[in-house]
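**Q** Just to be clear, the model below is a prediction. Sequence and coordinates:
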Amino acid sequence: MLQGTCLDADILPTYETFYLFPAGTDYVYASRFPRKGAHTGYFEKKHFQDQGNE
């Protein structure tokens with residue numbers, strides 16, 4: 001599990017930190033909670049800046 005901030009205001013609030021769960025090579029599930037089942041959506045990785053947390 002990684003954490004990252006959203007960079008695209010069209011999909012999620014920008015600069016809010018989300019928990020990111022891998023979904024293939026180019027996509028992630030984004031969640032406000034540390035559980036994949038509570039995700040808010042499925043997005044391309046390019047919309048997030050990695051916070052370097054695991």
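**A** Okay, I see it.
**Q** so where is the chain shaky, pLDDT-wise?
**A** By pLDDT under 70, the low-scoring segments of the chain are 52-54.
**Q** So which residues of it form strands?
**A** 2-6, 17-22, 27-31, 41-44, 48-50 (DSSP state E).
**Q** Take the ones you listed and write them to CSV, including mean neighbour count.
**A** From N, CA and C alone the C-beta is placed, and that goes for glycine too. Below are these laid out as CSV (neighbours: other Cβ atoms under 10 Å):
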stretch, mean neighbour count
strand 2-6, 18
strand 17-22, 19
strand 27-31, 20
strand 41-44, 14
strand 48-50, 15
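**Q** Could you give the bridge partners of Tyr42?
**A** Legend: beta-bridge partners of Tyr42 under DSSP bridges are Tyr29.
**Q** That one touches Gly24, doesn't it?
**A** No. At 9.4 Å, Tyr42 does not count as touching Gly24 under the criterion of Cβ atoms under 8 Å.
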